[in-house]
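Visitor: Sequence first, predicted model second:
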Amino acid sequence: MKDRLSDTIAGVRQVLKRMSLLLLVIVALASAAIIVVNYYSIRILSGARAYINGESQYSKGQKDASAALTNYIYLGKESDYKAFLDNINVNRGDRTARIALSSSVVDYNAARQGFLAGRNHPKDIDVMMWMFVRFKNLAMFKKAIGIWVDGDALVNDLYQTGIRAHQRVAAGGMSTDEKQQMLVSISVISQRLTVKEQAFSETLGDISRKINDYIFIANVIIILVIVASSMASAGIMIRNLAHSRNKIIEQNNSLQAINAGLDKFVYNVTHDLRSPVASLSGLIDLIDDETDPAQIRLYTRMMKESLERQDQFIAEMLAFIKSKHTGVAKQECSLETIVDNVIALNSYKRDGKEVKIYKEIGLTNIESDALKIQVILNNLVSNSIKYSDFKKPEQWIKVRTYKSNARAVIEVQDNGIGIREKDRERIFDKFYLSGDNTRSTGIGLYLVKDAVTQLDGEIEVKSEPGVSSTFLVSLPC
């Protein structure tokens, strides 16, 4: 189950990472899109502006040509005819550019010369040619070109009228009726050209306005995409930062737990080493008073056994702290063996005063963590020895194991000095010392409680000051 959860979390992280990369790509593409859209929109609007400006030159050229031709018909001056030709060539130049750009094979050079003749600004010509070629088949621009074609036809009519007028004046002059007819024709052409010019300008204005609308909509959509993607990417980054923060907190808590475990290990070893030291001290006292070599050898052998067991205990404690973070190592263990080991470690008291330890093994085996049970039992027994009442004729400790309500019970009873009622609720607190107690470090029962908790067990204490104390440890079978 844990592996599946880890795989799921890893999968989610991978998806979030891919989503983050995808969102960054979307933001990059959207940013590129807005740059491209605005570049081409500016280019199109510049082209529309250039055509509108060109239309004003076109209109001015047509009107000036009409005025010059009218003067020529009235006065017959060649200077007026020349002015007519100069001005009408503005319109004819634009016509040349249109034809060059409308061809299946575009003649850019001819188009450029035509636009220059049409008095368009040289810097506008490139964008005008680009816009014409790119959008000449687009419906709205095609409509503008159609108006342009009609206007060029009217310009050609005006040009032909001027040619006829020049021929008639060169041939000897025109009658009053001919002059009147030509003047009427010029007026009609001018009026129709004005209408076409206005329609051309309005069409280009509509194109510009629609382009502005399209650009606005496109920019809004792209910006919304960028904002949404950025917010989503920021959300993922915030989640990743929060995850990293939680990870750091977890690691910090883990390090604190390791440090606490090391502290408890040091305290536990220090606490548990004192019991065999006290036993060794008691044996040394016995040896000092003993004269029988055989008995002395027995005592030294017991000292050696005590040291060997303590060495084994230290090794087991090292294994215990190393496996601290792997959980409880449950396996079949012998309660009798554990009790025997603890009794062997706590056989004697200093000054040669013996505390008798009895055992009643009703439950021999249990599936649990043997090392933690030994830590529990060793601390309880050594505590009972420490608080023995040597004023009594006999000092004893009874260790029992049995089964009660489907749970394993380890009971440690002594006839020591007992525990005052006000101290019972706090004796498992770390570093707690009752009254004028100078024998304890306040860590032993804390370690007992911690080990019991790790084994999902419970511990209960019963005591009558000056009479006895009983510790009941209940563990799952």
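Guide: Here it is on my side, so go on.
Visitor: host element of residue 251?
Guide: Using DSSP states H and E, residue 251 maps to helix 176-289.
Visitor: Quick one: mean pLDDT for that helix?
Guide: Average pLDDT, helix 176-289: 77.
Visitor: Counting by contacts, list what it packs against.
Guide: If contacts are counted by 3 or more C-beta pairs under 8 Å, 6 or more residues apart in numbering; DSSP states H and E, helix 176-289 sits against helix 2-75, helix 139-170, helix 293-322, helix 335-345, helix 370-386, helix 444-454. For glycine as for every other residue, the C-beta is placed from the backbone atoms N, C-alpha and C.
Visitor: where are the low-confidence patches of the stretch 301-450 of the chain?
Guide: Low-confidence segments of the stretch 301-450 of the chain, defined by pLDDT under 70: 308-328, 348-352, 431-442.
Visitor: So which of the helices and strands packed on helix 176-289 is nearest residue 329?
Guide: helix 370-386 (7.6 Å; C-beta to C-beta).
Visitor: packing partners for that closest one?
Guide: Helix 370-386 makes packing contacts with helix 176-289, helix 293-322, strand 331-334, helix 335-345, strand 396-404, strand 407-414, helix 444-454, strand 468-476 when contacts are defined by 3+ C-beta pairs under 8 Å, 6+ apart.
Visitor: and that helix with strand 407-414, angle?
Guide: Orientation check (axes from the mean of the first three to the mean of the last three C-alpha atoms, to 10 degrees): helix 370-386 against strand 407-414 gives 20 degrees.
Visitor: Tell me how the chain divides into domains.
Guide: 2-239, 327-477 (automatic domain parsing).
Visitor: got TSV for those domains, with distance to residue 251 too?
Guide: TSV is the format used below for those (distance: least, C-beta to C-beta, whole Å):
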stretch	distance to residue 251
domain 2-239	16
domain 327-477	18
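Visitor: Could the C-alpha coordinates of stretch 466-473 be exported in PDB?
Guide: Extracted in PDB, the C-alpha atoms of stretch 466-473 (Å, rounded to 0.1, in the frame of the first residue of the first chain):
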ATOM      1  CA  GLY A 466       6.700   1.800  52.300                       C
ATOM      2  CA  VAL A 467       5.100  -1.500  51.300                       C
ATOM      3  CA  SER A 468       5.500  -2.300  47.600                       C
ATOM      4  CA  SER A 469       5.300  -1.200  43.900                       C
ATOM      5  CA  THR A 470       3.900  -3.100  40.900                       C
ATOM      6  CA  PHE A 471       4.400  -2.200  37.300                       C
ATOM      7  CA  LEU A 472       2.100  -3.900  34.700                       C
ATOM      8  CA  VAL A 473       3.100  -3.900  31.100                       C
END
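Visitor: Need phi/psi at residue 355.
Guide: With angles defined as degrees, to the nearest 10, residue 355 sits at phi -110, psi 120.
Visitor: quick revisit: tell me which of the domains of the chain lies nearest to residue 282.
Guide: Among the domains of the chain, domain 327-477 sits nearest to residue 282 (C-beta to C-beta), with 3.7 Å.
Visitor: tell me the SS of residue 462?
Guide: Three-state call for residue 462 (DSSP: H, G, I helix; E, B strand; the rest coil): strand.
Visitor: That one reaches residue 472, doesn't it?
Guide: Yes. Look at residue 462 against residue 472 with C-beta atoms under 8 Å: they come within range, at 7.4 Å.
Visitor: Check what pLDDT the residue lying farthest from the centre of the chain gets.
Guide: Centroid-distance maximum for the chain: residue 172 at 93.6 Å, with C-alpha atoms, centre = their mean. As predicted, residue 172 sits at a pLDDT of 81.
Visitor: Can you tell me the SS state at it?
Guide: Assigned by three-state DSSP, the conformation of residue 172 is coil.
Visitor: residues contacting it?
Guide: Residues counted as contacts of residue 172 (C-beta atoms under 8 Å, 6 or more residues apart in numbering): none.
Visitor: Residue 205 versus residue 219, what's the distance?
Guide: From residue 219 across to residue 205, the span is 21 Å (C-beta to C-beta, to the nearest Å).
Visitor: more neighbours, the two?
Guide: Higher neighbour count among residue 219 and residue 205: residue 219, with 15 against 12, using other C-beta atoms under 10 Å.
Visitor: Now the more buried one: closest residue in space, sequence neighbours ignored.
Guide: Nearest residue to residue 219, sequence neighbours excluded (C-beta to C-beta, 6 or more residues apart in numbering): residue 34, at 6.3 Å.
Visitor: contacting residues for the closest residue to residue 459 other than its chain neighbours?
Guide: Nearest residue to residue 459, sequence neighbours excluded (C-beta to C-beta, 6+ apart): residue 452, at 4.8 Å. Residues near residue 452 by C-beta under 8 Å, 6+ apart: 376, 458-459, 473, 475.
Visitor: closest to residue 53 among these?
Guide: Nearest to residue 53 out of these is residue 458 (C-beta to C-beta; 95.7 Å).
Visitor: Was I right to think the closest one contacts residue 474?
Guide: Yes. Counting by C-beta under 8 Å, residue 458 does reach residue 474; the two are 4.7 Å apart.
Visitor: More neighbours: the two, which one.
Guide: Taking other C-beta under 10 Å, residue 458 and residue 474 do not tie; residue 474 has more neighbours (17 against 14).
Visitor: which residues does that one bridge with?
Guide: residue 409, residue 458 (DSSP bridges).
Visitor: Does it touch residue 403 like I think?
Guide: No. Using C-beta under 8 Å, residue 474 is not in contact with residue 403; the gap is 10.2 Å.
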